[in-house]
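J.: A structural model of the following input is requested.
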Amino acid sequence: MFIATLLTNPATRGLSPALVDSLRNAWGGGDAQWLSPDVAAEFSLQQIPANRWDVWESLQSEGVDLVVQAAEGRRKRMLLADMDSTMIQQECIDELADEAGVGERVKDITARAMNGELDFEGALIERVGLLKGLPEEVITRVLATRITHMPGGKALIATMKAHGAYAALVSGGFTAFTAQVAGDLGFDENRANTLLAEAGQLTGEVARPILGRDAKVAALREITARLGLTPADVIAVGDGANDLGMLGLAGSGVALHAKPSVQAECDIRVNHGDLTALLYLQGYADSDFVSA
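T.: From the prediction side, this is the model:
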């Protein structure tokens, strides 16, 4: 048994009952269940339709995401999340680079690295080097004035934790940011890279070993083993090429507003919904949501 979920941006509420019923009838699906009025609905299927990706492509132009997944085991016991452009709306290193006057140069490297065009570790070392001499206090200012949470993050974590799940934030970014974001959103733990500083200024170096793609996979394996879970019990979410390892290993790997090369390797793609999409994909309805 499979479940087809259709969802859109909760801010626009553009999912029409007519569209849901039309697809359900075309695919011979079960009765539609509305998880959120005009935002998210699902119905059961006996098999994955052969034209799934053609339909997915046509719905993208209407601002609607479509996911077809196995019904069994879709409600997960652990969330593993990337931070930059996933749990927050920015790339922290790009914001620091703006403060250092090298914003455009660093943003270009970041975009290429996240799309898999550059080696992540080498790209990180190069970008951090451009921050040399930046006052360490700038981090506090960037956190206060430039960093905003992705919509739906608090509800996602609070709801999953209320149902017994564990939440871990694993970032190729920096501990100075993950510590605050994890605390604000309610994560149980966080892992990231450490920017090095001396005499109140960034040295242009990052502590080794660097947390990249392999380290995110290792985190998934280590945390699940510690909790007595398996990778199948995990829903992972990210947007960059360095997330592909954990997205592929997790029971549900969600490419959220992801780079094209990342979407191409993921069966679960959310381009229009916010982080509450991860709840709808697990079968949670609005009435199940828990406020942080």
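J.: going forward, measure contacts between C-alpha atoms and count neighbours the same way
T.: OK.
J.: From the contact counts, what lies against the top strand by length along the chain?
T.: Determined from DSSP state E, the single longest strand within the chain is strand 166-174. Here strand 166-174 is seen to pack against strand 78-81, helix 92-100, helix 153-162, helix 175-185, strand 189-193, helix 213-227 when contacts are counted using 3 or more Cα pairs under 8 Å, 6 or more residues apart in numbering; DSSP states H and E.
J.: Can you say which of the ones you listed is packed in most?
T.: The highest average neighbour count among these, using mean count of other Cα atoms under 10 Å, belongs to strand 78-81 at a mean of 26.
J.: I'd like the helices and strands packed on strand 166-174 as TSV, with distance to Leu66 and mean pLDDT appended.
T.: Below are the helices and strands packed on strand 166-174 laid out as TSV (distance: least, Cα to Cα, whole Å; pLDDT from 0 to 100):
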stretch	distance to Leu66	mean pLDDT
strand 78-81	21	98
helix 92-100	30	94
helix 153-162	19	98
helix 175-185	27	97
strand 189-193	30	97
helix 213-227	26	97
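J.: give me every residue that touches Gly116.
T.: Counting by Cα atoms under 8 Å, 6 or more residues apart in numbering, Gly116 touches Gly240, Ala241, Asn242, Ser261.
J.: now, among those, which is nearest to Asp288?
T.: Nearest to Asp288 among those: Gly240, at 29.9 Å, using Cα to Cα.
J.: As CSV, the contacts of Gly116 with distance to Ala97 and pLDDT would be great.
T.: Formatted as CSV, those follow (distance: Cα to Cα, whole Å; pLDDT from 0 to 100):
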residue, distance to Ala97, pLDDT
Gly240, 19, 93
Ala241, 21, 92
Asn242, 20, 94
Ser261, 25, 90
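J.: Tally up the residues packed near the residue nearest to Gln282 when sequence neighbours are not counted, please.
T.: Excluding its sequence neighbours, the residue lying closest to Gln282 (Cα to Cα, 6 or more residues apart in numbering) is Arg75, at 4.7 Å. If you count neighbours by other Cα atoms under 10 Å, Arg75 ends up with 22.
J.: cool, and the one 10 residues further on?
T.: Counted with other Cα under 10 Å, residues neighbouring Ser85 total 19.
J.: Does the residue nearest to Gln282 touch Ser252 like I think?
T.: No: between Arg75 and Ser252 there is no contact under Cα atoms under 8 Å: 9.4 Å.
J.: list the contacts for Gly204?
T.: For Gly204, counting by Cα under 8 Å, 6+ apart, the contacting residues are Val128, Gly129, Leu130, Leu131, Lys132, Gly133, Leu195, Leu196, Ala197.
J.: which of the residues you listed tops the neighbour count?
T.: Leu131 (24 neighbours).
J.: Buried ones in stretch 247-256, by neighbour count?
T.: Leu247, Gly248, Leu249, Ala250, Gly251, Ser252, Gly253, Val254, Ala255, Leu256 (16 or more other Cα atoms under 10 Å).
J.: again but with stretch 57-64, I slipped
T.: Gly63, Val64.
J.: can you pull the alpha-carbon coordinates of that stretch into PDB?
T.: The C-alpha coordinates for stretch 57-64 follow below in PDB (Å, rounded to 0.1, in the frame of the first residue of the first chain):
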ATOM      1  CA  GLU A  57       6.300  18.100 -13.100                       C
ATOM      2  CA  SER A  58       2.900  19.400 -14.200                       C
ATOM      3  CA  LEU A  59       1.900  20.200 -10.600                       C
ATOM      4  CA  GLN A  60       5.000  22.100  -9.900                       C
ATOM      5  CA  SER A  61       3.800  24.900 -12.200                       C
ATOM      6  CA  GLU A  62       0.700  25.100 -10.100                       C
ATOM      7  CA  GLY A  63       2.600  25.500  -6.900                       C
ATOM      8  CA  VAL A  64       1.800  22.000  -5.600                       C
END
